[in-house]
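**Student:** build the 3D model from these lines:
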Amino acid sequence: HYTMGPYSQPVMHIKPGDRVVVETRDAFEGKIKTEKDLPSQKCVFPFLNPQNGPIMIEGAEKGDTVAVYIETMKPRGQNPLGTCCMIPEFGALTGTYYTATLNDPLPEITRKINVDEKWVHWSPRVTLPYKPHIGTLSCSPEIDSINSLTPDNHGGNMDLPDMGPGSITYLPVRSPGARLFIGDAHACQGDGEVCGVAVEYPTTTTIHVELIKNYQIE
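**Tutor:** Numbering: from 1, shown residues only. Take a look at the predicted model:
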């Protein structure tokens with residue numbers, strides 16, 4: 001899904017305490033296969049950042065809180081799995097539609113990157129530690145359907161490197177079943193997606209989900 005909301009068909013129903021294994025797609029949905037592929041030619045905005053879900057949590061009601069424990073994140077598929085791009089008028093390094101600058105947009109560049117469970121092989125000379133995290137995690141808003149590129153108080157596209165294995169993310173329940181969405185995994189990232197993306201990659205991510213009744217985090 002490219003939106004998080006109360007209208008999409010659930011893919012599964014779970015009970016609090018259940019463990020779920022999710023096969024996430026990368027933010028480009030696998031369309032960037034080589035370094036000759038450019039996002040401006042292969043991708044169509046806003047159909048980016050695909051989300052798995054929604055997962056319905058038994059007993060979840062408005063006013064409760066869902067706790068998502070990220071347990072493991074493993075690379076999925078054949079290398080080069082990682083994709084990082086410079087995209088015209090996108091990200092903090094260049095002027096955008098909202099923040100015009102005098103300089104021309106930076107050139108569009110794609111880099112494909114080998115990833116394993118220890119390292120992100122950026123180049124023959126540069127190897128970065130594998131520090132996986134989930135970029136987009138949310139429950140459904142009560143009435144709105146919000147695109148998967150937007151963060152807000154439902155969660156959404158937060159791109160926080162803290163949300164990796166060992167972390168717990170607390171999300172407000174606003175619709176019956178909570179309707180949990182997850183996707184947009186990163187193999188590594190600094191404190192923000194400065195060029196607009198991280199090292200995007202597909203994963204097999206294991207989470208377990210708890211429900212805290214009558215606990216509001218508005």
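
**Student:** ok, which stretches of this protein are helices?
**Tutor:** Taking DSSP state H, the helices of the chain run over residues 39-42.

**Student:** end to end, how far does stretch 40-60 reach?
**Tutor:** Length of stretch 40-60, first residue to last, CA to CA, to the nearest Å: 40 Å.

**Student:** likewise for stretch 35-45?
**Tutor:** Termini of stretch 35-45 sit 20 Å apart (CA to CA).

**Student:** residues in contact with that stretch?
**Tutor:** Identification of contacts with stretch 35-45 by CB atoms under 8 Å, 6 or more residues apart in numbering yields 28-29, 31-32, 85, 87-88, 108, 110-112. No exception for glycine: its C-beta is placed from N, CA and C like everyone else's.

**Student:** now distance to residue 8 too, for the residues you listed, in CSV please.
**Tutor:** What follows is those, written out as CSV (distance: CB to CB, whole Å):
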residue, distance to residue 8
28, 21
29, 17
31, 22
32, 25
85, 28
87, 27
88, 31
108, 32
110, 30
111, 33
112, 31
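
**Student:** which PyMOL command selects the buried ones in those residues?
**Tutor:** A single PyMOL command is used to select the members of the contacts of stretch 35-45 judged buried by 16 or more other CB atoms under 10 Å:
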select buried, resi 28+29+31+32+85+87+88+110+112
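
**Student:** ok, residue 32 to residue 61 distance?
**Tutor:** 40 Å (CB to CB, to the nearest Å).

**Student:** try residue 188
**Tutor:** Distance from residue 188 to residue 61, by CB to CB: 37 Å.

**Student:** the two: who's more crowded?
**Tutor:** Set side by side, residue 188 and residue 61 show more neighbours around residue 188, with 22 against 15, by other CB atoms under 10 Å.

**Student:** what bridges to the nearest residue to residue 119 once chain neighbours are set aside?
**Tutor:** Counting by CB to CB, 6 or more residues apart in numbering, residue 119 lies nearest to residue 127, which is 5.0 Å off, once chain neighbours are set aside. For residue 127, the beta-bridge partners under DSSP bridges are residue 121.

**Student:** and residue 127, how many neighbours does it have?
**Tutor:** 13.

**Student:** my read: it touches residue 120, true?
**Tutor:** Yes: shown here, residue 127 and residue 120 form a contact pair, counting by CB atoms under 8 Å, at 7.1 Å.

**Student:** buried residues in the helix or strand of the chain with the lowest mean pLDDT?
**Tutor:** Lowest on mean pLDDT, DSSP states H and E among the helices and strands of the chain sits helix 39-42, with a mean of 92. Neighbour counts over helix 39-42 (16+ other CB under 10 Å) mark residue 39 as buried.

**Student:** got it, and stretch 10-20?
**Tutor:** 14, 16, 20.

**Student:** now stretch 51-60
**Tutor:** Going by 16+ other CB under 10 Å, stretch 51-60 has these buried residues: 51-57, 60.

**Student:** mind checking which of the residues you listed are in strands?
**Tutor:** 51-57 (DSSP state E).

**Student:** which members of the contacts of stretch 35-45 are positioned in strands?
**Tutor:** Using DSSP E, the contacts of stretch 35-45 in strands are 85, 110-112.

**Student:** so residue 15 touches residue 56, yeah?
**Tutor:** No: counting by CB under 8 Å, residue 15 sits too far from residue 56 to count as a contact (10.1 Å).
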